[in-house]
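>>> Sequence first, predicted model second:
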Amino acid sequence: MGKIIALANQKGGVGKTTTAINLAASLATLEKKVLLIDADPQANASSGLGVDIRKVENTIYECLIGKCEPRNAICSTDVEGLGLISSHIDLVGAEIEMLNLERRESVMREIITPLKDDYDFILIDCSPSLGLITVNALTAADSVIIPVQCEYFALEGISKLLNTIKLIKQKLNPPLDIEGFLLTMFDSRLRLSNQVLDEVRRHFQELVFNTVIQRNVRLSEAPSHGLPAILYDADSRGAQNYLALAQEILTRNGLVS
Ligand SMILES: Nc1ncnc2c1ncn2[C@@H]1O[C@H](COP(=O)(O)OP(=O)(O)OP(=O)(O)O)[C@@H](O)[C@H]1O
Ligand SMILES: [Mg+2]
């Protein structure tokens with residue numbers, strides 16, 4: 001039975017999508033079966049994995065409004081063992097179309113739970129908002145990874161996110177767990193990066209991954225080639241950091257023999 005992990009932080013540009021793409025590719029490289037669901041209308045995870053989003057017929061949008069079975073929306077990627085359900089700008093409209101549904105927060109859970117048997121991990125890349133689609137992702141998820149950028153105001157908005165997670169646990173998804181806080185875009189030469197690292201570790205202690213994602217230009221170049229870093233430049237620090245993260249997650253989940 002696979003584990004569903006959402007990547008969430010309503011702060012923009014903190015590394016959610018970079019983490020979704022590269023963690024998914026790393027887990028697949030470690031021979032896990034992985035599905036990445038792009039739940040952001042910006043569709044960066046889809047284009048970053050080389051999907052031409054203008055040509056995809058069935059996306060998470062069609063799945064959420066009941067026009068397509070999720071199994072029929074899965075595209076293959078260049079990474080063996082990694083499938084993708086793309087997104088589309090229309091997903092913005094799904095929030096409105098879903099407003100009148102009775103169990104509007106649980107639509108994603110209902111449609112993706114049947115896929116859990118087919119995958120070891122299902123990752124959901126969320127948009128920088130705490131709107132209905134993100135609430136759906138957190139209601140469907142077993143756990144959440146919270147990327148935190150090593151920058152000024154890193155912890156801004158985290159209490160709001162944690163409060164949302166608390167409410168979702170109370171009302172919609174009691175077992176929802178925090179998989180971990182992930183420090184991203186770390187630059188060891190900068191005092192600021194080290195200060196953020198210390199502060200986040202002091203606040204959240206063992207909930208912070210040991211693996212830290214360094215700032216690495218390969219990670220920002222790879223999406224324009226439609227590739228995860230591990231296929232674009234496997235020796236790059238970024239690719240190696242995400243492989244280490246995948247290994248840490250497998251160990252934490254007792255999946256390494
Ligand atoms: N470790 C890194 N090193 C260098 N650049 C990075 C790193 N992580 C992310 N970036 C770059 O930072 C920008 C923001 O990253 P990303 O798109 O992953 O954030 P996001 O949280 O998904 O953003 P949004 O909130 O808009 O969805 C992108 O241009 C990405 O290429
Ligand atoms: Mg993103």
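The structure has been received and is ready for your questions. In this text the structure is predicted, and so the values were computed from the model without any measurement. Ligands and ions are numbered 1, 2, ... in the order given.

>>> what's around the closest residue to Leu49 other than its chain neighbours, how many residues?
Distances taken as Cβ to Cβ, 6 or more residues apart in numbering put Thr77 closest to Leu49, at 4.9 Å, once the chain neighbours are dropped. Yep, even glycine has a C-beta here, placed from its N, CA and C like the rest. Counted by other Cβ atoms under 10 Å, the residues lying close to Thr77 total 24.

>>> Return the distance of Thr77 relative to Gly48.
Applying Cβ to Cβ, to the nearest Å, the value for Thr77 to Gly48 is 10 Å.

>>> can you dump the C-alpha coordinates of the strand or helix carrying Ile111 into PDB?
Using DSSP states H and E, Ile111 sits within helix 107-112. Taking Å, rounded to 0.1, in the frame of the first residue of the first chain, the C-alpha atoms of helix 107-112 are listed here in PDB:
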ATOM      1  CA  VAL A 107     -12.900  14.500  -3.900                       C
ATOM      2  CA  MET A 108      -9.200  14.000  -4.500                       C
ATOM      3  CA  ARG A 109      -9.000  11.400  -1.700                       C
ATOM      4  CA  GLU A 110     -11.900   9.500  -3.300                       C
ATOM      5  CA  ILE A 111     -10.300   9.400  -6.700                       C
ATOM      6  CA  ILE A 112      -6.700   8.700  -5.800                       C
END
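
>>> And it, how far out from the chain middle?
Relative to the chain's own centre, helix 107-112 is displaced by 16 Å; criterion: Cα atoms, centre = their mean, to the nearest Å.

>>> which helices and strands sit right next to it?
Where contact means 3 or more Cβ pairs under 8 Å, 6 or more residues apart in numbering; DSSP states H and E, helix 107-112 is packed against helix 60-64, helix 132-140.

>>> so how many other residues sit close to the nearest residue to Glu221 once chain neighbours are set aside?
The shortest distance from Glu221 to any non-neighbouring residue, by Cβ to Cβ, 6+ apart, is to Tyr232 (6.9 Å). As a burial measure, Tyr232 scores 20 neighbours (other Cβ under 10 Å).

>>> Would you check that Tyr232 makes contact with Ala222?
Yes - in this structure, Tyr232 is within contact of Ala222 by Cβ atoms under 8 Å, at 4.0 Å.

>>> who touches both of those two?
Shared contacts of Tyr232 and Ala222 (Cβ atoms under 8 Å, 6 or more residues apart in numbering): none.

>>> buried stuff in stretch 8-21?
In terms of neighbour count (16 or more other Cβ atoms under 10 Å), stretch 8-21 has its buried residues at Ala8, Asn9, Gln10, Lys11, Val14, Gly15, Lys16, Thr17, Thr18, Thr19, Ala20, Ile21.

>>> So which residues of the protein form helices?
16-29, 44-48, 60-64, 91-97, 107-112, 132-140, 158-171, 191-204, 217-221, 229-232, 237-252 (DSSP state H).

>>> which helices and strands does the third one pack with?
Secondary structure elements in contact with helix 60-64, counted by 3+ Cβ pairs under 8 Å, 6+ apart, are strand 34-39, helix 91-97, helix 107-112.

>>> what would these look like in a markdown table with distance to ligand 1 and mean pLDDT?
Below are the helices and strands packed on helix 60-64 laid out as a markdown table (distance: least, Cβ to the nearest ligand atom, whole Å; pLDDT from 0 to 100):
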| stretch | distance to ligand 1 | mean pLDDT |
| --- | --- | --- |
| strand 34-39 | 10 | 98 |
| helix 91-97 | 13 | 89 |
| helix 107-112 | 18 | 96 |
